[in-house]
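Engineer: What follows is a protein structure lacking sequence information:
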């Protein structure tokens, strides 16, 4: 029989087994060398009628090392992360193939804002565009087409571009917050150094700014004050020195811009519905015209060579409020005569100073706009971008060239230059630096539906280029379209949905986008006749003023839609309608939106009624999203809403 025991050393604890005949003798541990006595053999004697109990004494485990504890914690964290991510990943598996790349490519296209502005000799041009961090101001060399970023606006800021000085040395631009009125800053950019030479506060947005000499410019601010600024270079410091004087102050509700140079000594502006002038030396204000009171003088401009003013204004008898071209020409008696050269609706009419009585304007054909150039002898007449869309334009290079933000087709808009003399059109800033590899440019097609009263409702449709046989597509109905290219409609059509919206300029129920609810219902009825549409997956999608139409449609027909997606809304569906379709209302807004208070009140009211909503806030965006990273994220949420709920 053996005697089994452990070494007496606490550091060793070697297991030892010896014959019981050695009990009580001295023994040396073969592991640690400790001298110890072999214990006596103690065999228990069973007691009659008593069952022996075998007790399990757990072995004492040594404490875990720091590395082991760290690995255990990491494993638990990974398990928790997987638990949270699995539902999202399951939704991602239901999304169409290539979703991430399509969204990234389309939302990387930064939208251009405001009209591009060139210097007087046509060598440099400035433009504003959405970028990843937000709105940015760029300068492009029109000879090499090299682009340079000058400034990036902080959150919720926007840029306004103002003319160059006559010697092309100074370029002025303005920044102001979208959500805060009456706060702005004017920057004087020195093109000779490529740096901002001066900046100062202005009461913005500015109603007008015009240079009166190479060192003097007049400013018409939003408080109704016209001031004259003078720039000088300090003799000792070499830095720019600015001085100013007030020329006149008017009631801000009665006076409006822009400022126009009638001569080197006087400026023109609009006050009390008439064109007025102010003498720069005497500061005397005089009325220039005596026109009908219903004129609005939109896009007013003046050209001495053409002998008068050019502007756009709606006609009082036209309930649609379309603007028509007007001109005010000097007559033989020293007065002014009002004419309407064109019977069509136009926008932003401007003289072409290099040719007397030549002018340009933007007009529309259904949802397409074009830039018209008109000359007295008609030989140079042309319509640019008839197959695309014109957002804005300016006349530069001494009136010899026109610069437009436009597209020639359904692609995103770029910056284009048209040479009036050579009749040559070229793209100076392309819409994308690289062509799409996964996404496709989907051109909208025009269709017709019958309205509730039998009237014709033209609408546009963007559908996938290819669909599997027998596959039904989700249908998204949006408010009236204003332009061909929009990130949301292109993303959805690329991924397999059908996007439809009434024609902005063909509405039979109303000519205002916010009141197109009846047209949207007519489009829905027409589309549900198609075998390609899944009637169980119909959604409403809209932005800003379009949320008014969405509210009217959804409140009247809540059970016909699976979900609603709105961006920067100004109106909200009723709680009764939302209660019928919980978890399908997705709202996206910037924290700097001027309508944020109404959005918060809607959210709180819905929560009290226990109506589940998906509301996404974007800290660095206002009412208009200008950081492409936020545009990308809102499109991801839109795609999840449409495609992750089969």
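Structural biologist: Here it is on my side, so go on. Just so it is clear, the model here is predicted, and its values are computed rather than measured.
Engineer: Measure how far stretch 443-451 is from the centre of its chain, please.
Structural biologist: Distance of stretch 443-451 from its chain centroid, counting by Cα atoms, centre = their mean, to the nearest Å, is 26 Å.
Engineer: which other residues reach it?
Structural biologist: Contacts with stretch 443-451, where a contact means Cβ atoms under 8 Å, 6 or more residues apart in numbering, come from 366-367, 409-410, 456-463, 481, 484, 489, 503, 508-509, 518-519, 522-523, 525-526. C-betas here are computed from N, CA, C, even on glycine.
Engineer: Can you flag the buried ones in those?
Structural biologist: Among those, those classed as buried by 16 or more other Cβ atoms under 10 Å are 367, 410, 457-463, 481, 484, 489, 503, 508-509, 518-519, 522-523, 526.
Engineer: Next, check the residues you listed against the helices and list the overlap.
Structural biologist: 489, 518-519, 522-523, 526 (DSSP state H).
Engineer: Verify the stated contact: residue 112 with residue 416.
Structural biologist: No. Counting by Cβ atoms under 8 Å, no contact exists between residue 112 and residue 416, whose distance comes to 10.8 Å.
Engineer: what's across from residue 138 in the sheet?
Structural biologist: residue 127, residue 149 (DSSP bridges).
Engineer: Residue 458 now?
Structural biologist: Bridge pairing for residue 458 - DSSP bridges - gives residue 448.
Engineer: That one touches residue 500, doesn't it?
Structural biologist: No. In this structure, residue 458 is not within contact of residue 500 by Cβ under 8 Å, at 11.3 Å.
Engineer: Tell me the residues that contact both of those two, please.
Structural biologist: Counting by Cβ under 8 Å, 6+ apart, nothing touches both residue 458 and residue 500.
Engineer: what's the closest of the ones in helices among the buried ones among the contacts of stretch 443-451 to residue 541?
Structural biologist: residue 489 (8.5 Å; Cβ to Cβ).
Engineer: Tell me how many other residues crowd the nearest residue to that closest one once chain neighbours are set aside.
Structural biologist: Nearest non-adjacent residue to residue 489, counting by Cβ to Cβ, 6 or more residues apart in numbering: residue 499, 4.4 Å away. Using other Cβ atoms under 10 Å, residue 499 is surrounded by 28 other residues.
Engineer: element containing residue 499, please.
Structural biologist: strand 498-502 (DSSP states H and E).
Engineer: Other residues contacting that strand?
Structural biologist: In contact with strand 498-502 (Cβ under 8 Å, 6+ apart) are residues 457-464, 473-481, 488-489, 492-493, 516, 519-520, 522-523, 527, 532-533, 541.
Engineer: Contact partners for residue 524?
Structural biologist: 475, 477, 538, 560.
Engineer: what packs against whatever helix or strand the first one lives in?
Structural biologist: It refers to residue 475. Residue 475 is part of strand 473-477 when elements are defined by DSSP H and E. Strand 473-477 sits against helix 487-494, strand 498-502, helix 517-527, strand 533-543, helix 628-643, with contacts defined as 3 or more Cβ pairs under 8 Å, 6 or more residues apart in numbering; DSSP states H and E.
Engineer: partners of it in the sheet?
Structural biologist: strand 498-502 (parallel), strand 533-543 (parallel).
Engineer: Can you say which of those is packed in most?
Structural biologist: Highest mean neighbour count of the strands paired with strand 473-477: strand 498-502, a mean of 27 (counted as mean count of other Cβ atoms under 10 Å).
Engineer: Which residue ranges make up each domain of the chain?
Structural biologist: Domains of the chain are assigned by automatic domain parsing as 111-205, 289-435, 438-643.
Engineer: For the last one, what is the distance to the chain centroid?
Structural biologist: Spelled out, that is domain 438-643. 16 Å.
Engineer: ends of that domain, how far apart?
Structural biologist: 18 Å (Cα to Cα, to the nearest Å).
Engineer: repeat for the second one
Structural biologist: In terms of Cα to Cα, the two terminal residues of domain 289-435 are separated by 52 Å.
Engineer: And for the first one?
Structural biologist: Using Cα to Cα, the span of domain 111-205 from its first residue to its last is 21 Å.
Engineer: Who are the contact partners of residue 103?
Structural biologist: 491, 632, 635-636, 639.
Engineer: Which two among those are spaced furthest apart?
Structural biologist: Farthest pair in the contacts of residue 103, by Cβ to Cβ: 632 and 639, 10.8 Å.
Engineer: So which of these two has more stuff around it?
Structural biologist: residue 639 (22 against 19).
Engineer: Wait, the more buried one touches residue 95, no?
Structural biologist: Yes. If you go by Cβ under 8 Å, residue 639 and residue 95 touch, sitting 6.4 Å apart.
Engineer: Pull up the overlap in contacts between these two.
Structural biologist: residue 495.
Engineer: Phi and psi next, for residue 570.
Structural biologist: Here is the backbone geometry of residue 570 (degrees, to the nearest 10): phi -120, psi -10.
Engineer: who touches it in this structure?
Structural biologist: 544-545, 547-548, 595, 598.
Engineer: The same query, at a cut-off of 6 Å, please.
Structural biologist: 547, 595 (Cβ atoms under 6 Å, 6 or more residues apart in numbering).
Engineer: Ok, the one 5 residues further on next?
Structural biologist: In this structure, residue 575 makes contact with 609, 611, judged by Cβ under 6 Å, 6+ apart.
Engineer: Residue 144 too?
Structural biologist: Counting by Cβ under 6 Å, 6+ apart, residue 144 makes contact with nothing.
Engineer: Out of the helices and strands in the protein, which is least certain?
Structural biologist: helix 66-94 (a mean of 65; mean pLDDT, DSSP states H and E).
Engineer: So which elements touch the host helix or strand of residue 162?
Structural biologist: Following DSSP H and E, one finds residue 162 within strand 157-164. Helices and strands touching strand 157-164, by 3 or more Cβ pairs under 6 Å, 6 or more residues apart in numbering; DSSP states H and E, are strand 170-177.
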